[in-house]
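Q: need a structure here:
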Amino acid sequence: MTVFGVHVGLQHTTADELRGVWRQIEDLGFGWISVWDHFYGATGRPDDAACLEAVAMHAALACSTSKVRVGSLVYSIGYRHPAVLAKAITAIDQLSGGRADMGIGAGWAKVEYDAYGIPFPDPKVRLDQLEEGIQCLRGLLHDDVTTFEGTHFTLTEARNEPRPVQSKLPIWIGGGGEKRTLKIAARHADGWNVPFISPEAFAHKSAVLDQHCESVGRDPKHIARAINVGLAYDEASLQQQFGAISDLVRPGVLSGSDDEIMQRIGDYVEAGAGQVNIALRAPFNLEAIERFSAALKLS
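A: Numbering: from 1, shown residues only. Coordinates of the predicted model:
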């Protein structure tokens, strides 16, 4: 059964507005709400710093809802030490009564790192950090005691207590890199998420993930797969939401009539997506979300 969610951006909004948006999404029948992890707006502009912090907002999401899974797509390993992050996610799982998911990625918004003086190494190093970090997270979130010795992270008989409510809190990898990211997902992740690609591209990357699973001896069915897509019933809505990056995200935007959008969702499901998340950012068009929910008959 396909899960439908909403991935809510934290830029150009307020905590009060977000709480109302999250509650309305839950009331509309969606099964998942997630936040992103950025210090600046996700536009890449050095003057766009209006963005709320993710761990705090993830906790607020947990406290503002009662039924939906509360996720993060995705925390950046470059400025989130896995042990500190595991402690935070454990607290969020307790706040939510066992509804938390967490995602982790290699990071990409160099403008944030530069502004705050955080090292932004080359892609290989960031992916090495990701591969080590997710192993630390799995140990701390899933096991009682964890020892890990890597180049970037070291844990020595590390304990994460009190424990999460869930015995196996789901950990997602975000990104579409076929050589490293998908292989890391195959080895260590419970779920894989990628944004704004076409159904055809999703099917291709999902097949690559299957191949990596085969190479590491893992059943591909053990990895959940989700696509983040935009929702824009017309061109004006697309431009309002995404502005200068509209053409970049266009392959992964649902548009047209309700029937055309339902067909597009079917294409994603056929391509292997078990979860479809609407990427929503301020100014929040909740009328579009209501229309989408009604078309799906979620509530």
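
Q: now for the helix or strand hosting residue 262, which elements pack on it?
A: Using DSSP states H and E, the element containing residue 262 is helix 258-270. Judged by 3 or more C-beta pairs under 8 Å, 6 or more residues apart in numbering; DSSP states H and E, helix 258-270 is in contact with helix 199-216, strand 224-231, strand 253-254, strand 275-280, helix 286-296. The way it works is simple: take the backbone N, C-alpha and C, and place the C-beta from them, glycine included.

Q: so of these, which one's packed in deepest?
A: Highest mean neighbour count of these: strand 224-231, a mean of 23 (counted as mean count of other C-beta atoms under 10 Å).

Q: Could you pull up the mean pLDDT of that strand?
A: Across strand 224-231, pLDDT averages out at 98.

Q: rewinding a little: how far off strand 224-231 does the helix holding residue 262 point, in degrees?
A: 160 degrees (axes from the mean of the first three to the mean of the last three C-alpha atoms, to 10 degrees).

Q: quick one: contacts of helix 258-270?
A: For helix 258-270, contacts defined as C-beta atoms under 8 Å, 6 or more residues apart in numbering pick out 2, 199, 202-203, 227, 229, 231, 254-256, 276, 291-292, 295-296.

Q: picking that back up, Serialize the helices and strands packed on helix 258-270 to CSV and add fields for distance to residue 65.
A: Converted to CSV, the helices and strands packed on helix 258-270 look like this (distance: least, C-beta to C-beta, whole Å):
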stretch, distance to residue 65
helix 199-216, 28
strand 224-231, 18
strand 253-254, 24
strand 275-280, 15
helix 286-296, 15
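
Q: quick check, distance from stretch 198-212 to the centre of its chain.
A: Put simply, stretch 198-212 sits 18 Å off its chain's centre (C-alpha atoms, centre = their mean, to the nearest Å).

Q: Can I get that stretch in CSV, CA atoms only?
A: The C-alpha coordinates for stretch 198-212 follow below in CSV (Å, rounded to 0.1, in the frame of the first residue of the first chain):
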residue,chain,number,x,y,z
SER,A,198,10.9,11.6,-13.2
PRO,A,199,9.3,8.1,-12.8
GLU,A,200,11.7,6.8,-15.5
ALA,A,201,14.7,8.2,-13.6
PHE,A,202,13.3,6.8,-10.3
ALA,A,203,12.9,3.3,-11.9
HIS,A,204,16.5,3.4,-13.1
LYS,A,205,17.9,4.4,-9.7
SER,A,206,15.7,1.9,-8.0
ALA,A,207,17.1,-0.8,-10.2
VAL,A,208,20.7,0.3,-9.4
LEU,A,209,19.8,0.0,-5.7
ASP,A,210,18.6,-3.5,-6.4
GLN,A,211,21.9,-4.3,-8.0
HIS,A,212,23.8,-2.9,-5.0
